[in-house]
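> next one to model:
(chains A and B)
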Amino acid sequence: MRTKTILTLLLFGFLFHTNSSAQDGESLFSSCAACHTIGGGKLVGPDLAGVLERRSEDEIIRYVQNPADFDVIMMPPQNLTNAEIKAILNYIVSKSPAEGQVEEVVEVEEVVVALDDVKSGEMLFEGTTRFENGGPSCIACHNVDYEQMMQGGLLAADLTDVYSRSGGMVGIKGILTGLPFPAMKSAYGNYPITEDELVQLQAFLKHVDDNKIYQHHGEKKTMFLHFGMIGFITILILIFFLWFDKKKGGVKDDIYNRQIKSI
Amino acid sequence: MDIRSQMTMVFHMDKCIGCHTCSIACKNIWTDRKGAEYMWWNNVETKPGTGYPTKWEDQEIYQGGWEKNGETVSLKGAGKMKGLKNIFHNPNMPIIDDYYEPWTYEYEHLFEAPEGDDQPTARAKSLITGENIDIKSGPNWDDDLGGTPDYARKDPNFENLSPQEQEAMFQLEQMTLAYLPRICNHCLNPACVASCPSGAIYKRGEDGVVLINQEKCRAWRMCVTACPYKKSYYNWHTGKSEKCILCYPRLESGQAPACMHSCVGRIRYLGVMLYDADRIEAVASCDESELVDRQMEIYLDPNDPAVIKAARKNGIADSTIDAAQKSPTYKFVKEWGVALPLHPEYRTIPNLFYVPPLLPAMATVENGTYNTTTDSLWGKIDASRMPIQYLASLFSAGNGEKIKEVFRKLMTVRLHRRDKTVGDLDIKELNQALADTAMTREEADDIFRLTSLPLFDQRFVIPAAHREEAMEMLESTADVKGNTGFGFKEMPARGL
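Numbers count the residues shown, from 1 in each chain, chains lettered A, B, ... in the order given. From the prediction side, this is the model:
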């Protein structure tokens, strides 16, 4: 497991290290790498290899700075200057592999996770154990479809299939270390997740993704509905008996009602 | 023995003409304010009737007063669990419609209306919402048996009366009524004080007046439900509860309370009585049939040297003891035993006593003459127009003998006076009456004098208030010596 992680890390290092002329762009790209590859295939976002052939530079700059202006809103806005974006684009150009040459990154992901890690990951996700550096537990904002655990927060994306959606271990690592989303940045920027914790979370999220088809969430939903209905009726009955002899309305209501009728 | 002094009152119902002057005097002084318009600290009710607020005597509705709980008493509608149950909504509280929605008339419109085809009118305006309203009821809507089917027939005191007796009270030529003026009873065992979660209500040490601290009141309104006489009112404007203060600022300056001072029929008497505070719990929790007698035991003889000694030891001033010895209420209540408390079964030990109304006997028409005489000496009492049982449910927790006892005494006084002024009575009959009631002729004269010809100072015996002593308990006057007067409670805006 550990070696696998190191291997993926090395792969990332290999991907980012060669072009020294775009050093600036390389370091800046690290936050993009959470979702994008250059010739590595689609992760969360599209493969950026040859992106300049598909879109103009101006368009890319505007999109990166303010994705909300475009119909396709997939990406959180990035606080980058025009020069910085250009540096990243230079780096992308320099890294773009020759035509037809796509590295098979996904293929490497023949990952087997240790059950211990899954358990620790679950506890971290749920907040039963706290993150070493004091970051908030994932469940505060995220939900996963996992029976053993309570319903999570709905503030951010559902992470049930984040493993496959974001391109496996690499994607998760990229998001958790690169922190491309502003909310994640402010939550974990000063409280980074340690390497061990990362491994455990990765293991847990993979486990969740692998087992999502076995979850009986339908039953859970109706169970809550039934509990709610039974509770509501119980409270109504309780109110009926507790306040059975309460004074209802005014003592002169019958007099007033009769007077109104006789008018 | 823990002797304390208490301002007590006697209302002589035979003398009340139902003029509501007392209510107006009280309203003008104390409750003519926003939020207090609906309050009548003093009100006069017609009995039989449902009173104000409507059916206040029906504690199944309002859950006021105490109930016997083994050797002690507990509040009927308040307490820890009951309070928790009703913490967000207290269903036993009277709503404004149970009192009445106060209103005024738009008098200005009579002068300022633009010229038109019709006479201008003064429409009724609610004093709560300011909107035009249709007046549905007032504080004495059932005055003089008005609206009998709706009000008088629903009097909660009819519970112990047979349907025939009830029906008899509403037959033409038989029906009768009496006026029942009511103010706060300043009880010895006040339910309002016990129910207040904020501890805002207190019984003043020097004269037993029950007051609500307006700074401490937190609008729980538990006192409104707990008081079985419904004499604590909630001011919706200030968010504080208010009640009769027995005109304590007047008492402190030696004046009678406004309702008593203004009373046209001079039915009201005010005086100090000394009581033993150690006996309160035992009296409040005694058997219902004994309530009146046991309450009489709690008031002590102010002429007894042992009582005087114990009173002095408890810090009661000589002037107060002197007032207790001259107290007209002590005479009516204790010495002569002709005044009874209103609804003693609420177990609050009220300090307002009533001389029950000796209404005319049921007359019969024989051979065209209106005949009110009966053969037996006490026959008139049994033939009283207002059933004894009805008065008993008002004044003696259902014990009719108590009422008859009082009536016999009142009759004896009349017989004695008739003998003295007209002299046409069989002397044997009079002596029999005096013997039956264990009354001397002198005593009968005293009752007559204090009932019919009392002087102002005989009706109201108010001791010096000794506020200086009460003040010294709260603050050291030496601390503020040399300041302007005794210093300022609130600093003047301009500074000192």
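> so who does the residue nearest to B:C19 when sequence neighbours are not counted touch?
Distances taken as C-beta to C-beta, 6 or more residues apart in numbering or on different chains place B:V264 nearest to B:C19, at 5.3 Å, with adjacent residues excluded. For every residue, glycine as well, the C-beta is placed using N, CA and C. For B:V264, the contacting residues are B:17, B:19, B:21, by C-beta atoms under 8 Å, 6 or more residues apart in numbering or on different chains.
> let's go with 10 Å and repeat that
B:V264 sits next to B:15-17, B:19-22 when contact means C-beta atoms under 10 Å, 6 or more residues apart in numbering or on different chains.
> same list (those residues) but as JSON lines, adding neighbour count, pLDDT and secondary structure.
Formatted as JSON lines, these follow (neighbours: other C-beta atoms under 10 Å in any protein chain shown; pLDDT from 0 to 100; DSSP: H, G, I helix; E, B strand; the rest coil):
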{"residue": "B:K15", "neighbour count": "17", "pLDDT": "94", "secondary structure": "helix"}
{"residue": "B:C16", "neighbour count": "23", "pLDDT": "95", "secondary structure": "coil"}
{"residue": "B:I17", "neighbour count": "12", "pLDDT": "95", "secondary structure": "coil"}
{"residue": "B:C19", "neighbour count": "15", "pLDDT": "96", "secondary structure": "coil"}
{"residue": "B:H20", "neighbour count": "19", "pLDDT": "97", "secondary structure": "coil"}
{"residue": "B:T21", "neighbour count": "17", "pLDDT": "97", "secondary structure": "helix"}
{"residue": "B:C22", "neighbour count": "29", "pLDDT": "97", "secondary structure": "helix"}
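> in the residues you listed, find the pair that's most separated.
Spatial extent of these (C-beta to C-beta) is set by the pair B:K15 and B:H20 at 14.8 Å.
> returning to what we had before: B:S241 versus the residue nearest to B:C19, what's the distance?
Using C-beta to C-beta, to the nearest Å, we find B:V264 at a distance of 30 Å from B:S241.
> residues of the stretch 151-263 of chain A that sit close to chain B?
A:242-243, A:245-256, A:258-260, A:263 (C-beta under 10 Å from any C-beta of the partner chain).
> need the longest helix for the chain.
Using chain A here. Criterion DSSP state H: the longest helix present in chain A is helix A:217-242.
> my bad, the chain I had in mind was chain B
Per DSSP H, chain B has its longest helix at helix B:400-421.
> following element in sequence after it, please.
helix B:427-436 (DSSP states H and E).
> packing partners for that following helix?
Applying 3 or more C-beta pairs under 10 Å, 6 or more residues apart in numbering or on different chains; DSSP states H and E, one finds that helix B:427-436 contacts helix B:400-421, helix B:441-452.
> point out where the stretch 101-250 of chain A drops to low pLDDT.
A:101-111, A:217-220 (pLDDT under 70).
> centre of the chain to the longest helix of chain A, how far?
The chain centroid and the centroid of helix A:217-242 are separated by 33 Å under C-alpha atoms, centre = their mean, to the nearest Å.
> contacting residues around B:A464?
By C-beta under 10 Å, 6+ apart, B:A464 lies in contact with B:252-254, B:317-320, B:322-323.
> now for those residues: which two are most distant?
It's B:S253 and B:D318 that sit farthest apart of the contacts of B:A464, by C-beta to C-beta, at 19.6 Å.
> how is chain A carved up into domains?
A:2-108, A:115-214, A:221-262 (automatic domain parsing).
> got phi/psi on the closest residue in space to A:G152 that isn't next to it in sequence?
Closest residue to A:G152 in three dimensions, ignoring its sequence neighbours and counting by C-beta to C-beta, 6+ apart: A:N143, at 3.6 Å. Main-chain torsions, A:N143, degrees, to the nearest 10: phi -120, psi 150.
> look up how far chain B lies from A:N143.
With distances taken as C-beta to the nearest C-beta, to the nearest Å, A:N143 is found 35 Å from chain B.
> these two touch, right, that residue and A:L154?
Yes. Counting by C-beta atoms under 10 Å, A:N143 touches A:L154, with 6.2 Å between them.
> three-state assignment of the closest residue to B:A178 other than its chain neighbours?
With sequence-adjacent residues excluded and distances taken as C-beta to C-beta, 6+ apart, B:A178 is closest to B:P357, at 4.2 Å. Following DSSP: H, G, I helix; E, B strand; the rest coil, the label given to B:P357 is coil.
> what's around B:P357, how many residues?
B:P357 has 23 neighbours, counted by other C-beta atoms under 10 Å in any protein chain shown.
> so, low pLDDT: which residues of chain B?
In the predicted model of chain B, residues B:361-363, B:371-376, B:482-488, B:496 satisfy pLDDT under 70.
> does the residue sitting furthest away from the middle of it count as helix, strand or coil?
Distance from the centre of chain B peaks at B:D117, with 51.0 Å (C-alpha atoms, centre = their mean). Assigned by three-state DSSP, the conformation of B:D117 is coil.
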